[in-house]
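Trainee: Fold the following and give me the result.
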Amino acid sequence: MKLNIKTIALAAFAGLGLASCEDFLDKPTIDNYNADNYYSSDTECLSGTSYLYSSPWSDFTRSFITVGEVLSGNYYPGTSPYLDFTLNSSDPDLGSMSNSLWAAVAHCNTIYNYINAASGPSEAGKNQTMGECLVWKAVAYFYLVRSFGEVPIIHDNSAELSSGSYNSVSKVKKADIYEYVIMTLEKAIEILPETPLQSGRIDKAAAEGLLAKVYLTKAGVTGTLSTDDLNQAVTYARQCIAHSNHRLMSNYADVFRLANNVNPECLISWRWNANNNQWTDQSFMQNDYAPKGFGDDDCWGQWKGMSTDLQEAFGIKVLEQTPDVWLNHRDQRLKATMMLPGFTYDYFWTDKGGFDFLRFVYDDQYNPSVEIQQEKPALVSPTGAWPVKHLYGDNADHTLGVGYPAARMANSLATPLLRLSDVYLVLAEAKLLASNTSNPQAASTTDAEVLNAINAVRTRAGLTELESVSFADIWKERRLELAFEGDRWFDYVRVSYYNPDYCIAELKAQKRNTNGGLNEIYENYYKTGNWEIPATATYDDRTPAPVVEQLMATDADSGKKFFALPMTARDVVFNPNLASSAEAQHVDVRSTYGY
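Mentor: Residues are numbered from 1 along each chain as shown. This is a model prediction of the structure:
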């Protein structure tokens, strides 16, 4: 915490010199500025907050997937402590994640105070940009509390520096952290406009949608579900959905395309820019998850893949079925989430007539970077399915989408953090749980509002409408709708607050391991059109299920186990009050802090 609070607070104002993608993020670099001569106009307020959409979050992007998707069983990364739950406090990605989240808090606090003290901007300009600071801080704290459990509240970095208490702050109880996030978002909702001053910026609906999700999560934090919190989640979800400037896109895959970086469905997104020289302002997610040769020879994700368990959640069993099952699959989200044999994509490799998954693997003329095993092209993904989300394609696709090419390990594809479909599912789950808080995982309903919410998501995906809804229906729908969007682990965290056994049992029952014999099956299908499954093609059932309890803490008040990542060793060295054995303090946040 010493490094994160002190150094980052002093550096936060330097963010003014960063540039980002999208019209509202484009701005000149300002070499000579200080708190007295900047934020003197609406234009400067808008340009001086635009980097909050990218740079502070750069070091979180890898953990966004390793925590959100590997821990939850959606993605197979090869050997990883996130796969087998052996993660410890010295993990470098965990350290980067913590640093990034605290950086975001520090930047938001610092810029908020500068704008609040400024006299030149209009009230509308100040409200827009101060509201953005509040929402981004709430996003950071929402990740912090769901990841680490009890964490400190840093309301004002300057005050912490002045008091010299930055390396002695205490952890705060989870319920109080959630209350702080709620208070922060309430203020954001109060001042943010319904229509942002520039297209694509955070607006009132974004804050309301996030607050609905926060209330749904907070509802179980004491160990039992709070009907009041669930009802608040429903209220704010309704308010978010009611805004006419937000709607579901008609085609699911379009949500994740470069040309739609700003779209009516994405409420909160990271925005990246490959068109400058600022490393932290650029996305490198395609490089991590696409196979070699997919972009411009700077990808290395071919040895990974979407998990067998996620494939089966979509109803796909490549070692038991034939390709017609997935080639004729009704759920549009399947193809937009993972590559399977026979899938082609007209929005990738547009300069080459589209992208063909199997041809990419087995035709070294089509893909000169093809992987070779035993002197011939081969599939090396141990699960047989590469991801699609967070991929933009090749340089021609990038130029077609945003008007300029990508650079090495740098692209401009936005990363959605909160979509309207998520809010629909939050509404459905909150209202369902409120009807049966005593046995929530057994809850079911025919309530029209719940049905309308989940069916809006299902019909967009090409599925039939449900006539009754259970918790299991919503739980599965969330997994399929938001797969590989960094969210699934936090669903487990939310439910673990009040029903940890449900989460433990499900995670242990997952198929998190590899499939053998896929290359032989895929190659034969590519060359002959025949799908034949040899006896040697089997799922690895020898590797034991992870001991998921290793990443659980005990709530001091309820005595219940809940999922929590270890506080990073570096932070504990700087501040022993952050150690797992240290007691978290209760704070009345509404009387202690204010905006």
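
Trainee: host element of the residue nearest to Asp351 when sequence neighbours are not counted?
Mentor: Using C-beta to C-beta, 6 or more residues apart in numbering and skipping the chain neighbours, the partner closest in space to Asp351 is Ala396 (3.7 Å). For glycine as for every other residue, the C-beta is placed from the backbone atoms N, C-alpha and C. According to DSSP states H and E, Ala396 maps onto helix 395-402.

Trainee: what comes into contact with that helix?
Mentor: 21, 257-259, 261, 274-275, 295-296, 347-351, 392, 404-406, 411-413 (C-beta atoms under 8 Å, 6 or more residues apart in numbering).

Trainee: what about burial for the residues you listed, which qualify?
Mentor: For the contacts of helix 395-402, a burial check counting by 16 or more other C-beta atoms under 10 Å picks out 21, 257-258, 261, 274-275, 295, 347-350, 392, 405-406, 411-413.

Trainee: which parts of stretch 570-590 are buried?
Mentor: 570-572, 574-575, 577-579, 584, 587, 589.

Trainee: And those, which is closest to Cys45?
Mentor: Distances from Cys45 to these, taken as C-beta to C-beta, are shortest for Val589 (26.8 Å).

Trainee: and the nearest residue to the closest one once chain neighbours are set aside, what does it touch?
Mentor: Leaving aside its chain neighbours, Val589 sits nearest to Tyr180 (4.5 Å; criterion: C-beta to C-beta, 6+ apart). Residues counted as contacts of Tyr180 (C-beta under 8 Å, 6+ apart) are 141, 153, 155, 172, 589, 593.

Trainee: For stretch 415-426, list the C-alpha coordinates in CSV.
Mentor: Only the C-alpha atoms of stretch 415-426 are listed here, as CSV (Å, rounded to 0.1, in the frame of the first residue of the first chain):
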residue,chain,number,x,y,z
THR,A,415,-13.1,-4.4,-23.3
PRO,A,416,-16.7,-4.4,-22.0
LEU,A,417,-17.0,-4.5,-18.2
LEU,A,418,-20.8,-4.0,-17.8
ARG,A,419,-23.3,-4.7,-20.5
LEU,A,420,-27.1,-4.1,-20.5
SER,A,421,-27.7,-7.9,-20.8
ASP,A,422,-25.8,-8.3,-17.5
VAL,A,423,-28.3,-5.8,-15.9
TYR,A,424,-31.2,-7.8,-17.2
LEU,A,425,-29.9,-10.9,-15.6
VAL,A,426,-29.2,-9.0,-12.3
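
Trainee: what helix or strand is the residue nearest to Val589 on?
Mentor: helix 174-191.

Trainee: Which positions in that helix come out as buried?
Mentor: 174-189, 191.

Trainee: Please apply the same query to stretch 439-459.
Mentor: Neighbour-count burial for stretch 439-459 [16+ other C-beta under 10 Å]: 440, 443, 445, 450-451, 453-458.

Trainee: What of stretch 558-572?
Mentor: Those would be 560-568, 570-572, for stretch 558-572 by 16+ other C-beta under 10 Å.

Trainee: these two touch, right, Phe85 and Pro544?
Mentor: No - counting by C-beta atoms under 8 Å, Phe85 stays clear of Pro544, with 11.2 Å between them.

Trainee: which of the two has more neighbours?
Mentor: Phe85 (17 against 9; other C-beta atoms under 10 Å).

Trainee: quick one, what contacts that one?
Mentor: Going by C-beta under 8 Å, 6+ apart, the list of residues near Phe85 reads 71, 546-548, 550-551.

Trainee: ok, now Leu518?
Mentor: Contacts of Leu518 (C-beta under 8 Å, 6+ apart): 318, 379, 381-384, 537.

Trainee: now do Asn287
Mentor: 295, 298-301, 409.

Trainee: Hmm, which of the residues you listed is lowest in pLDDT?
Mentor: Lowest in pLDDT among the contacts of Asn287 is Asp298, which has 82.

Trainee: Could you report the neighbour count for the closest residue to Pro81 other than its chain neighbours?
Mentor: The spatial neighbour of Pro81 that comes closest, neighbours along the chain excluded (C-beta to C-beta, 6+ apart), is Leu87 at 4.3 Å. If you count neighbours by other C-beta under 10 Å, Leu87 ends up with 21.

Trainee: before we move on, the earlier item: list the buried residues in the helix or strand following the helix holding Ala396.
Mentor: Using DSSP H and E, the helix or strand that follows helix 395-402 in sequence is strand 415-419. For strand 415-419, burial by neighbour count (16+ other C-beta under 10 Å) applies to 415-419.

Trainee: between the residues you listed, which is nearest Ala159?
Mentor: Using C-beta to C-beta, these come closest to Ala159 at Leu417, 28.4 Å.
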